[in-house]
Every structure is written in C-alpha cells, then in structure tokens.
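Enquirer: coords below, sequence missing:
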C-alpha cells in the first residue's frame, strides 16, 4: 500500500511548455467512483516511444477516515494542504485494460506531460474531448506538510475540489456544466 499525497492546480496559458517532458496519451475509465469512498480506475497510457502501460488502481481515503456516511467524509483540504489517499496500483496487460475500458461507464482522455520542476513529482494533464480546454498540474509529495514552490502559471489551487477530480470529470465533463459555471472556471485560466 502506498499513500498518495498530492496538490492540484488549474493552469493558465502556455508558459508551462518549456518545463514539459514527453507526453503520453492517456485513456482512463472508472469501474466504481463517488465523492466519498473507494474509486476503482483502469488506465491505458501510450507514450510517444516505448511500450503501452496499463494499470488498475484502487484509491481509498486514509485509514481511520471511514468510507461512507456524512460523519466519515474525507475532509476537503484547505488551500496549500495536500490531499492524502491510500492508493493500490497494479500493472495489468494492455489487452485487459482495453477490455475493462469498454466496460467503464465513465471515461476521460488526456495528454499527460511530466514536468521538469523541483519539489515533488510534477505532471500536467491537457484534457481532451468533453473536458477540453481544461489543463491541470499536480504534484505528488512525500509528506502532506511539504512546502511547494508553485509555478506562476498555476492560476488557482483546486486540491480537494471534488467536481474537478478525474473521476468527477469522467462522470460529469466540463461540456455538461452550466455555461456560466464553465466560463467562470475557464476565466481563471486566461
């Protein structure tokens, strides 16, 4: 078991591009997901060179925080506080991932870039399809209180905003949001 500790940010403009490493085309689907409790995801990643990678991932709130009921809801972190979850991730054959993706009722597509930045493991997702033109950067940390040098092109922190999680965007993509809500979010990135 690993503990995933991350912070997420809306990205403004194109100033992130000089920090970008090769991008992988990612398709991921959700076999089970919700605002609270476990999320079961299948991911297929196609890098520009090298073999296709496929994973089955289970994410849970940290032990002791419970899985259901309002009294056990995962707290929404304050700005500047990382979100921590238990994460179990297993490599699977790409043919299995393809078959599972076909069974997923909710999917999301994006191009993921590694970022050459200090202070954690940074990635940037450029969403495609119904979630375009959303761009989100995230950093995985070793500890929740680890300081982070946030690049100036990160427009706003969205850590803990459940409606902007990948699972939520798969269920209810940006294209289905009320126009005013969608424009308000995208205005933060221009």
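Expert: In hand now; what should we look at? Note that this is a predicted model, so its numbers are computed, not measured.
Enquirer: From now on I want contacts and neighbour counts done on CA atoms only, so please keep to that.
Expert: OK.
Enquirer: and after the biggest strand by length in the chain, which helix or strand comes next?
Expert: For the chain, the longest strand by residue count, based on DSSP state E, is strand 20-32. Where DSSP states H and E defines the elements, the next helix or strand beyond strand 20-32 is strand 39-46.
Enquirer: which helices and strands sit right next to that next one?
Expert: Applying 3 or more CA pairs under 8 Å, 6 or more residues apart in numbering; DSSP states H and E, one finds that strand 39-46 makes contact with strand 20-32, strand 53-60, helix 94-103.
Enquirer: Let me have the ones you listed in JSON lines, extended by distance to residue 6.
Expert: Output for those, formatted as JSON lines (distance: least, CA to CA, whole Å):
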{"stretch": "strand 20-32", "distance to residue 6": "19"}
{"stretch": "strand 53-60", "distance to residue 6": "13"}
{"stretch": "helix 94-103", "distance to residue 6": "25"}
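Enquirer: circling back: who touches the longest strand of the chain?
Expert: 38-48, 101, 103-116, 167, 170 (CA atoms under 8 Å, 6 or more residues apart in numbering).
Enquirer: Equivalent analysis for stretch 115-125, please.
Expert: Against stretch 115-125 from outside (CA under 8 Å, 6+ apart): 19-21, 110-114, 135-142, 147-149.
Enquirer: Of those residues, grab the buried ones for ChimeraX.
Expert: Selection of buried members from the contacts of stretch 115-125 for ChimeraX, criterion 16 or more other CA atoms under 10 Å:
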select :20,110,111,112,113,114,135,136,137,138,139,140,141
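Enquirer: Inside strands: which ones of the contacts of stretch 115-125?
Expert: The strands, defined by DSSP E, take in 20-21, 110-114, 135-140 from those.
Enquirer: Low-confidence ranges, the chain, go.
Expert: Within the chain, the segments meeting pLDDT under 70 span 1, 35-36, 62-82.
Enquirer: show me what contacts the most centrally placed residue in the chain?
Expert: Centroid-nearest residue in the chain: residue 166, 4.8 Å away (criterion: CA atoms, centre = their mean). Shown in contact with residue 166 (CA under 8 Å, 6+ apart): residue 108.
Enquirer: Tell me the buried residues in stretch 171-184?
Expert: For stretch 171-184, the neighbour count (16+ other CA under 10 Å) marks 171, 172, 173, 174 as buried.
Enquirer: circling back: so the longest strand of the chain versus strand 39-46, what angle?
Expert: For strand 20-32 against strand 39-46, the angle by axes from the mean of the first three to the mean of the last three CA atoms, to 10 degrees is 140 degrees.
Enquirer: Same question for strand 20-32: list its buried residues.
Expert: In strand 20-32, counting by 16+ other CA under 10 Å, buried: 20, 23, 24, 25, 26, 27, 28, 29, 30, 31.
Enquirer: ok, that strand: who's next to it in the sheet?
Expert: Here strand 20-32 is paired, per DSSP bridges, with strand 39-46 (antiparallel), strand 106-115 (antiparallel).
Enquirer: Let me have those strands in JSON lines, extended by distance to residue 181.
Expert: As requested, these are arranged in JSON lines below (distance: least, CA to CA, whole Å):
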{"stretch": "strand 39-46", "distance to residue 181": "26"}
{"stretch": "strand 106-115", "distance to residue 181": "20"}
